[in-house]
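# turn this into a structure:
(chains A and B)
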Amino acid sequence: KAGVTQTPRYLIKTRGQQVTLSCSPISGHRSVSWYQQTPGQGLQFLFEYFSETQRNKGNFPGRFSGRQFSNSRSEMNVSTLELGDSALYLCASSPAGGQHNEQFFGPGTRLTVL
Amino acid sequence: AQTVTQSQPEMSVQEAETVTLSCTYDTSESDYYLFWYKQPPSRQMILVIRQEAYKQQNATENRFSVNFQKAAKSFSLKISDSQLGDAAMYFCAYPRGGSEKLVFGKGTKLTVNP
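Residues are numbered from 1 along each chain as shown, chains lettered A, B, ... in the order given. This is a model prediction of the structure:
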C-alpha cells in the first residue's frame, strides 16, 4: 500500500495570503488528522476528520480550516497568513478512528511565510 | 490538563549500547494507549511502539521496549543495541480523551555515536 502523501512538500507564501495543503491517506483509512510542528510549540493537533465530518478540533484560530472528501482525501486551509504560521504541517491517517489505532504520518508540508 | 512531559531534550549513546528515554504523562482516564514515535532527519514520523494501559506487561518490539509504570504515570523507552539509524527525534504521545487527538511531548533528540 502507498503511504500517506502530502502536497506540496514545500511552500513559500507572504503575509496575508491564503494557502491550501492536501493530504491523501492510506487506501482504506477513513480518519485524517492534521498537526502543526514548530520548534517553539512542538507538535500541536489541529483537527481530525472522519467520514467527511470534523470530529475533533485543536485550539487554533478560525483562520485554520479543513475538510475531507468522500474518498477520504483531506485539505487544510489557512487564510490571512501570519509569520507565526511558518511550520511543518503533518497529516496522519488511521483506519477507522479510535485511540488504539496507530496513526500513519505523511512527510509533511513545509510552509514558510515571509 | 492532560500533558506529556519529556524531560531530556537531548541524549546521546554509543553504538551497540543501551539508552532509556523518559516520558511522564498526566491523565485522569483509566484505560488508554501510549505511543512512542520516531522522527528521523527525513521528517517522516513513524510509530516505534505502543502500550495499552490496561495491560500489565510492558510492550516490546525487537530492540525497543518500554517500562510502563501506570501508578507513576511513567512511560520510558529503552533502546538496546543502539544503531546509527536510531538517531532521530523521539516523541512520546497520548491520545487525549480516547480520541485520535494525540498530545505529544516536546521530544528527545537522540544522537548515536559510532
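# so where's chain B uncertain?
B:1-2, B:98-99 (pLDDT under 70).
# contact residues of it facing chain A?
B:32-33, B:35, B:37, B:42-47, B:50, B:52, B:91, B:95-96, B:98-107 (CB under 8 Å from any CB of the partner chain). Any C-beta I mention is one placed from the backbone N, CA and C, and that applies to glycine too.
# any quick ChimeraX command for the buried ones out of those?
Selection of buried members from the residues of chain B next to chain A for ChimeraX, criterion 16 or more other CB atoms under 10 Å in any protein chain shown:
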select /B:32,33,35,37,43,44,45,50,91,95,96,99,100,101,102,103,104,105,106,107
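# now, which of the residues of chain B next to chain A lie within strands?
B:33, B:35, B:37, B:46-47, B:50, B:52, B:91, B:95, B:102-104 (DSSP state E).
# relative to A:Ala2, how far out is the residue most central in space within chain A?
Centroid-nearest residue in chain A: A:Trp34, 3.2 Å away (criterion: CA atoms, centre = their mean). Using CB to CB, to the nearest Å, one gets 19 Å for the distance from A:Trp34 to A:Ala2.
# returning to that earlier point: specify the beta-bridge partners of the residue nearest to the centre of chain A.
Using DSSP bridges, the bridge partners assigned to A:Trp34 are A:Phe47, A:Cys91.
# so how far is chain B from it?
Distance of A:Trp34 to chain B, computed by CB to the nearest CB, to the nearest Å: 11 Å.
# quick one: that residue and A:Gly66 touch, right?
Yes. Counting by CB atoms under 8 Å, A:Gly66 is a contact partner of A:Trp34 at 6.2 Å.
# which neighbours do those two share?
Applying CB atoms under 8 Å, 6 or more residues apart in numbering or on different chains, one finds that A:Trp34 and A:Gly66 are jointly contacted by A:46-47, A:74, A:76.
# can I have the worst-scoring helix or strand of chain A on mean pLDDT written out in CSV, keeping just the CAs?
Here the helix or strand of chain A ranked lowest by mean pLDDT, DSSP states H and E is strand A:53-57, holding a mean of 90. The C-alpha trace of strand A:53-57 is given here as CSV (Å, rounded to 0.1, in the frame of the first residue of the first chain):
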residue,chain,number,x,y,z
THR,A,53,-17.0,15.2,9.3
GLN,A,54,-14.8,17.1,11.6
ARG,A,55,-14.7,15.0,14.8
ASN,A,56,-12.0,16.8,16.9
LYS,A,57,-10.6,20.2,16.8
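# nice, that's everything, thank you.
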